[in-house]
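1. What would the 3D arrangement of this be:
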Amino acid sequence: MDKDKAKERIEKLKVLINDYRYEYHVNDNSIMSEGAADGLKHELSQLEEEFPDLITPDSPTQRVAGKALSKFKSVNHQTRMLSLNDVFDKKELLAWKQRIERLMPSKTDSASKIQYFVDLKMDGFSCSLVYQDGNLQTAVTRGDGFSGEDITQNVKTIESVPLKLRYSKKYQNLLVGRTEIRGEILMYKKDFDQLNNQRQKRGETLFKNPRNTAAGTVRQLDPSLVAQRKMYFHGFDVLRSEQDVNSYSESYEAMTKLGIKTNTQARLFDSIDQVIEFADKWEHERQSLPYGTDGLVIKINNKTVQEKLGVVGKAPRGAVAYKYPAEEAVAAVKDIVISIGRTGAATPVAVFDPVLIAGSTVRHASLHNSDEIERKDIRIGDTVIIFKAGDIIPQVQKVLIELRPNDAKRFRFENELKRQYPELEFVRPEGEAVYRVKGASGPILLKRGLQHFASKSALDIEGLGDKNIEALVDSGLVSDFADIYTLDVGQIMRLERFAALSAKNLVLAIVAKKRPTLPKFIYALGIRHVGAQTAIDLSQKFRKLDSLGTASYEDLKNVEGVGEIVAESILAWFADDDNQALLAKFRNLGVWPEDVKHVGGPLSGKSFVITGSLDSMSREEASEKIRALGGTFQTSVAKGTTYLVMGAKAGESKAQKAKKLGTEVIDENDLTNMLK
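-> Predicted coordinates:
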């Protein structure tokens with residue numbers, strides 16, 4: 001191929017490759033496969049190798065990393081790179097709006113004319129790209145706002161940064177002279193995870209978060225390292241010495257036309273109410289974004305008006321960062337309790353005073369296993385940073401060693417297992433980090449739990465006895481408590497034990513218990529140390545299951561009959577991820593206990609013990625009737641017991657103790673009259 005034909009071919013290849021880059025990185029649209037694009041780049045590279053004088057700075061081949069630098073040059077910003085003041089709720093946002101209205105420079109810029117340009121606040125690293133006559137000249141970090149570091153070689157390796165701006169008829173004036181594009185360099189969550197997976201395989205230290213990784217990568221002196229890590233540039237402003245672009249909404253349109261990627265979620269609004277509605281929407285939907293965000297950037301859209309409003313300190317008056325509730329918080333570890341999940345796994349849980357994280361109150365966080373406690377050196381009394389993994393599960397990020405008190409207590413996992421669960425034996429299988437109950441597999445624990453869940457004292461589900469439970473679990477139809485509410489007649493009939501009528505009756509019996517009383521449901525969950533009476537006491541105190549689930553250690557200790565061990569057990573149960581998933585599944589299936597609307601009854605404040613047998617009812621039926629009327633049923637006479645009921649063939653030991661303690665002794669007839 002002669003030089004003229006090569007030049008023509010090179011120009012066509014550059015256009016096609018740049019079109020591919022623009023569609024892929026700016027419009028999220030692929031016009032060809034990655035393999036085909038690589039083939040075009042390879043052909044371009046070969047032609048340029050043959051005719052090196054045809055290589056231009058804007059060629060896609062010039063993205064290759066250059067030589068490592070000894071240090072970065074300092075570059076002054078032509079226009080200061082400002083930061084933004086934060087507002088943390090709607091009240092502060094409205095106060096900002098009112099200040100803006102008071103400061104509007106003239107009647108022509110009245111409050112009724114204000115438009116707000118709103119974009120997601122990306123969790124990235126601010127950078128300025130300077131183009132001269134459409135060609136990338138320099139890339140500079142924010143630095144102190146007045147000057148930053150020249151990172152041009154590194155930024156050239158980022159595919160979403162065009163080395164030459166695209167032609168746009170509407171914005172062709174921006175391709176002449178100096179045009180500055182400001183934006184964020186960021187790493188997407190999936191690329192960050194992939195990078196950490198690779199580091200883990202190589203036995204290297206894992207990076208903490210995408211933002212710090214992107215910032216650290218961009219400031220590497222060796223561009224070849226930067227080229228190995230996938231990053232993106234998202235523009236958020238266009239600057240010219242002349243006021244060629246009058247608003248932020250126009251800046252975004254111009255950047256997109258010129259080949260700069262922008263956030264497609266950005267919007268222009270006429271009222272602050274619309275801004276608040278937009279903020280609420282993305283607070284709930286932000287996890288779907290490919291990158292992290294902790295809020296919004298809200299600006300007066302008209303750049304002239306914003307300029308007239310001026311600057312206070314390092315921040316413009318006409319823009320703010322609206323921050324979502326913190327995803328991290330600091331808390332002091334008051335205790336560490338161990339939860340036994342449905343698979344028999346022993347999970348340590350940190351307990352602390354309530355803290356607000358990502359809009360919800362958190363009182364405990366999973367510590368995963370004993371190795372994790374040792375690795376992070378978490379002790380009772382430590383101050384720790386709590387965060388929500390995926391905005392859902394509270395976890396301990398790290399210990400603030402500097403704040404460790406002298407009396408901080410080490411948590412000896414095996415010793416605590418023996419103390420908290422003296423009747424159980426635990427094993428740690430080779431190669432695993434988790435201790436499990438010895439001899440208890442998931443199905444065995446599930447069968448035992450379901451037997452209790454369906455028992456007469458709990459939800460009393462007729463037809464769901466031991467044998468039927470075994471059949472349902474062994475067949476794979478039931479893998480947790482909630483699964484029984486998904487069963488249909490056809491599924492059950494396929495099991496050997498069931499015919500059409502018995503299958504139908506079982507389904508009806510299960511459905512009938514979708515709205516149990518709160519005490520019955522709490523007891524049915526099988527929370528360790530929570531018996532039927534404690535479930536009643538908890539119900540009367542908290543009235544709702546959600547309130548019990550978010551109760552603090554002190555709240556629980558204030559319930560009569562709930563001591564340290566019971567409180568820890570309840571906290572551990574509600575802190576367990578499997579249990580939280582189970583409750584969510586119950587709720588989705590419409591299975592939820594009724595709230596307690598009335599507390600007390602004619603027997604409120606009275607406690608009963610029954611000894612011997614009753615003629616008119618079983619002891620279990622009697623206990624339920626006593627509790628239904630607000631009374632307390634006890635299994636043994638103690639100080640404060642109101643009545644000892646003497647049934648047939650009753651022994652004398654309880655009667656003697658009752659006499660000694662001053663407890664009134666009554667017979668079955670007296671009890672029956674009270675229950676009426």
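2. Next SSE downstream of the least confident helix or strand in the chain by mean pLDDT?
-> The least trusted helix or strand in the chain, going by mean pLDDT, DSSP states H and E, turns out to be helix 34-50, with a mean of 77. As assigned by DSSP states H and E, the chain's next helix or strand after helix 34-50 is strand 74-76.
3. What is the distance between the longest helix seen in the chain and the centre of its chain?
-> Ordering each helix of the chain by length in residues (DSSP state H) puts helix 3-25 first. In terms of C-alpha atoms, centre = their mean, to the nearest Å, the centre of helix 3-25 is found 44 Å from the chain centre.
4. what does stretch 631-649 give?
-> Offset of stretch 631-649 from its chain centre (C-alpha atoms, centre = their mean): 48 Å.
5. how long is it end to end?
-> Its first and final residues considered, stretch 631-649 spans 24 Å by C-alpha to C-alpha, to the nearest Å.
6. pLDDT on that stretch, on average?
-> For stretch 631-649, mean pLDDT rounds to 85.
7. what's the answer for stretch 96-112, then?
-> 72.
8. and if you look at stretch 419-429?
-> Stretch 419-429 comes out at a mean pLDDT of 83.
9. Check which residues of it are buried.
-> Using 16 or more other C-beta atoms under 10 Å as the test for burial, stretch 419-429 gives Gln420, Tyr421, Phe426, Arg428. Where C-beta positions appear, they are placed from N, C-alpha and C, glycine not excepted.
10. end to end, how far does that stretch reach?
-> With C-alpha to C-alpha as the measure, stretch 419-429 spans 21 Å from end to end.
11. same question, stretch 298-315
-> Using C-alpha to C-alpha, the two ends of stretch 298-315 sit 13 Å apart.
12. same thing with stretch 655-675?
-> OK, stretch 655-675 end separation, C-alpha to C-alpha: 22 Å.
13. Buried ones in it, by neighbour count?
-> Buried positions in stretch 655-675, judged by neighbour count with 16+ other C-beta under 10 Å: Ala655, Lys657, Ala658, Thr663, Val665, Ile666, Glu668, Leu671, Thr672, Met674, Leu675.
14. can you list contacts of stretch 407-426?
-> Stretch 407-426 is contacted from outside by 336-338, 340, 346, 348, 370, 373, 378-382, 435-439, 565, 568, using C-beta atoms under 8 Å, 6 or more residues apart in numbering.
15. let's see 6 Å
-> Stretch 407-426 has contacts (C-beta atoms under 6 Å, 6 or more residues apart in numbering) with Ile336, Ile338, Ser370, Ile373, Arg379, Ile380, Gly381, Asp382, Tyr435, Val437, Lys438.
16. any chance of the residues you listed in TSV, with distance to Leu477, neighbour count and pLDDT too?
-> As requested, these are exported to TSV (distance: C-beta to C-beta, whole Å; neighbours: other C-beta atoms under 10 Å; pLDDT from 0 to 100):
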residue	distance to Leu477	neighbour count	pLDDT
Ile336	37	21	92
Ile338	31	22	88
Ser370	35	21	89
Ile373	38	20	92
Arg379	45	19	95
Ile380	43	17	94
Gly381	47	16	93
Asp382	45	23	93
Tyr435	30	22	88
Val437	24	20	82
Lys438	28	10	74
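17. Nearest to Glu283 among those?
-> Nearest to Glu283 out of those is Asp382 (C-beta to C-beta; 30.8 Å).
18. do you know how far the residue lying closest to Val355 once chain neighbours are set aside is from Lys388?
-> Nearest residue to Val355, sequence neighbours excluded (C-beta to C-beta, 6 or more residues apart in numbering): Ala329, at 4.0 Å. Shown here: Ala329 relative to Lys388, a distance of 9 Å by C-beta to C-beta, to the nearest Å.
19. do Met32 as well
-> 40 Å.
20. Neighbour count: the two, which is higher?
-> More crowded of Met32 and Lys388, by other C-beta atoms under 10 Å: Lys388, with 19 against 16.
21. And for the closest residue to Lys585 other than its chain neighbours, the neighbour number?
-> Spatial nearest neighbour of Lys585, excluding adjacent residues (C-beta to C-beta, 6+ apart): Ala482 at 4.2 Å. Neighbourhood size, Ala482 [other C-beta under 10 Å]: 18.
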